[in-house]
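>>> Dropping the sequence and predicted coords here.
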Amino acid sequence: MTYHSKKAIVSILTSLLVFLYLFIDIQGAGSAGVESLPQLWGVFFLKWIVIEVLAKMVILIVFNILNRLATREAEPSFADERDRMIELKAVRNFCFMFSFGFFVAMGALAIHQPLSVMFNTLAIDFFLSGLVLNLSYIFYYQRGF
Amino acid sequence: MKKNLVKNNIRQLRFMKHEMTQQQLADRVGVTRQTIVAIEKEKYSPSLELAFLIAQVFELPLEEIFSFHPQGTDSSQATSLEEEGK
């Protein structure tokens, strides 16, 4: 398995852990009043972004060290034409998934669903979009194109 | 797995060129070793620019390194197509 595929797997696991930790925590907010609900979700999304970035930085540093020890090969220092092409395709898939989830979330509002349904859908969509991004990396690096 | 239509003989050429390693070839053409691995396994068709750079390293014309095999043609048909082109 290539460095990029292993990195994507580590990234998926990190995202999953961070998302589950924060998402389970916010589920108790269902009983909160309509006024405080958007504020709670705002804090959730900001906390999520900060914790995810920090967790990924730390875990990827640890991953790079372990990978170098295991394979005796340094991580690629630059992105060549194939890496850029794969990145473009993966980001395209991410955008498709994100747009789809966004419209589903807006659809929930349009059919008079509670505000929490829209926020839950958006949160799950963020997570699934990240998942699609990393799975696309694995798919294109392993299968080729 | 998706079938790649561009075949190549980079692996043999590397061995004939003083047993050049994938890393050495990658350094000379400015890509990562993983990309050379993918090209050799025919999982990736290089850009025209990269194909020319590889041809330059082996000091051979492009068609002696890469060959195009349209779907439904076997290797002998592909060879005859190349000869017709000449």
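Great, that's in hand.

>>> Next, B:F66: phi, psi?
Phi and psi for B:F66, reported as degrees, to the nearest 10, are phi -110, psi 140.

>>> and it, what is it in contact with?
Residues near B:F66 by CB atoms under 8 Å, 6 or more residues apart in numbering or on different chains: B:6-8, B:51. (Each C-beta comes from the backbone N, C-alpha and C, glycine too.)

>>> The residue in chain B that chain A sits nearest to: what's its closest spatial neighbour, skipping adjacent residues?
Nearest residue of chain B to chain A, counting by CB to the nearest CB: B:K43, 2.6 Å away. Distances taken as CB to CB, 6 or more residues apart in numbering or on different chains place A:G144 nearest to B:K43, at 2.6 Å, with adjacent residues excluded.

>>> For chain A, what lies in contact range of chain B?
Within chain A, the positions near chain B by CB under 8 Å from any CB of the partner chain are A:2-4, A:76, A:78, A:80-83, A:141, A:143-145.

>>> Now, of these, which are buried?
A:2-4, A:76, A:80-83, A:141, A:144 (16 or more other CB atoms under 10 Å in any protein chain shown).

>>> ok, which pair from the contacts of B:F66 is furthest apart?
B:K7 and B:A51 (12.4 Å; CB to CB).

>>> related to what we said a few turns ago, of the contacts of B:F66, which belong to strands?
B:6-8 (DSSP state E).

>>> By neighbours, which of these wins?
Highest neighbour count within the ones in strands among the contacts of B:F66, by other CB atoms under 10 Å in any protein chain shown: B:N8, with 19 neighbours.

>>> what pLDDT does the nearest residue to that one once chain neighbours are set aside get?
In space, and not counting its chain neighbours, B:N8 is closest to B:F66: 5.0 Å by CB to CB, 6+ apart. B:F66 carries a pLDDT value of 93.

>>> where does B:M1 land on pLDDT?
Reported pLDDT for B:M1: 53.

>>> hang on, A:F78 packs against B:T32?
Yes. A:F78 is in contact with B:T32 according to CB atoms under 8 Å; the separation is 7.3 Å.
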